[in-house]
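>>> okay, here's the prediction I keep looking at, along with the sequence it came from:
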Amino acid sequence: MVRLNRFATIALVVLSLLIHLSSAKAQSEVDLALVLAVDISNSMDPEEQELQRQGFVEAFRSPLVHNAIGSGMLGRIAVVYLEWAGPTIQYVTVPWTEIGGPEDALSFADRLARAPIRRGPRTSISGAIDASMKLLSESSAEAVRRVIDISGDGVNNLGRSIIQAREEALAQGIVINGLPLLLNRPTNSWDSENLDEYYRDCVIGGLGAFMVPVRERHQFAEAIKTKIIREIASVAPEALIVPTQAQSERRTSCEMGANPWAN
């Protein structure tokens, strides 16, 4: 009898652990794992950086974004805010955060608003993609979709090939969307006057990939909100969306800015 009671106790403990693990796993399932990869290179002036940061803060404070999150199959997303510049300059400003309601979103926005804004030299979009892939592999959330959201104001000018980095991400089923910033004319010979075309042909990719160009400073907040809503629930107005183009139709040289300091 004592042995039977002991076995029964062990069985109950094991069952309890299995239920707990199953419950924990269910809590970590999300509709979307989203890396917000944000350019902090020196080509971004302080006002642009402030507008960019505030745009993301306002987006996560927006009831429209809250509603988009809640409309998902699971009603939860996981998001991390990554700032990047050169190949080895990446900062996780706000770590992976699961957002399942307005309070979570507002908390994420508040932490982002309080964080200092950094700057760094060079522009390595390939480095940003690589860092984003690493973050996605480290996330504890089980995501239905995985997206890297890259915002920036220049072409890949240091680090490995942008095409190689992008193709490795796409091979893992990751979608890359873009927020090209076309506020200033290029100041370097390797930069593109048509950054939106460069992002279309060389940066974004994957099923349903898109970009939202920002051409005026007053568009920052609305463009960022539009983009995040589209990424969460595919309900953004189509007027601002530029879809991806087949690689065979690429018109832009993706190596135009590749390591201009090599010579």
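Noted; the coordinates are in hand. Residues are numbered from 1 along each chain as shown.

>>> could I get the buried residue list for stretch 105-112?
Neighbour counts using 16 or more other CB atoms under 10 Å place 105, 108-109, 111-112 of stretch 105-112 among the buried residues. Backbone N, C-alpha and C define where each C-beta goes, glycine included.

>>> now stretch 161-169
For stretch 161-169, by 16+ other CB under 10 Å, it's 162-163, 165-166, 169.

>>> cool, and stretch 74-91?
76-87, 89-91.

>>> span of it from start to end?
29 Å (CA to CA, to the nearest Å).

>>> point out where this protein drops to low pLDDT.
The model of the chain has pLDDT under 70 over residues 1-27, 184-192, 234-251, 256-263.

>>> and the helices in the chain, which stretches?
Per DSSP state H, the chain carries helices over the ranges 2-27, 46-61, 63-70, 102-114, 125-138, 162-171, 195-198, 220-233.

>>> show residues contacting the third one.
By CB atoms under 8 Å, 6 or more residues apart in numbering, the list of residues contacting helix 63-70 from outside reads 31, 59, 75-77, 99-102, 105, 225, 228-229, 232-233, 235.

>>> now that helix against helix 46-61, angle please.
Interaxial angle of helix 63-70 relative to helix 46-61 (axes from the mean of the first three to the mean of the last three CA atoms, to 10 degrees): 50 degrees.

>>> buried ones in helix 63-70?
Buried residues in helix 63-70 (16+ other CB under 10 Å): 64-66, 68-70.

>>> next: the shortest one.
Judged by neighbour count using 16+ other CB under 10 Å, the buried positions of helix 195-198 are 195-198.

>>> what's the answer for the second one, then?
By neighbour count, with 16+ other CB under 10 Å as the criterion, the buried positions of helix 46-61 are 48-49, 51-53, 55-61.

>>> contacts only, for I224.
52, 55-56, 58-59, 151, 179.

>>> which of the buried residues of stretch 74-91 lies closest to R122?
Distance to R122, by CB to CB, is smallest for G86 among those, at 3.6 Å.

>>> check contacts around that closest one.
G86 makes contact with 41, 120-124, 127, 158-159, according to CB under 8 Å, 6+ apart.

>>> how near is the residue lying closest to it once chain neighbours are set aside to L179?
The shortest distance from G86 to any residue other than its chain neighbours is 3.6 Å, reached at R122 (CB to CB, 6 or more residues apart in numbering). Distance, R122 to L179, by CB to CB, to the nearest Å: 19 Å.

>>> next: R230.
In terms of CB to CB, R230 sits 11 Å off from L179.

>>> who has more neighbours out of these two?
The neighbour count for R230 versus L179, taken as other CB atoms under 10 Å, is higher for L179 (27 against 20).
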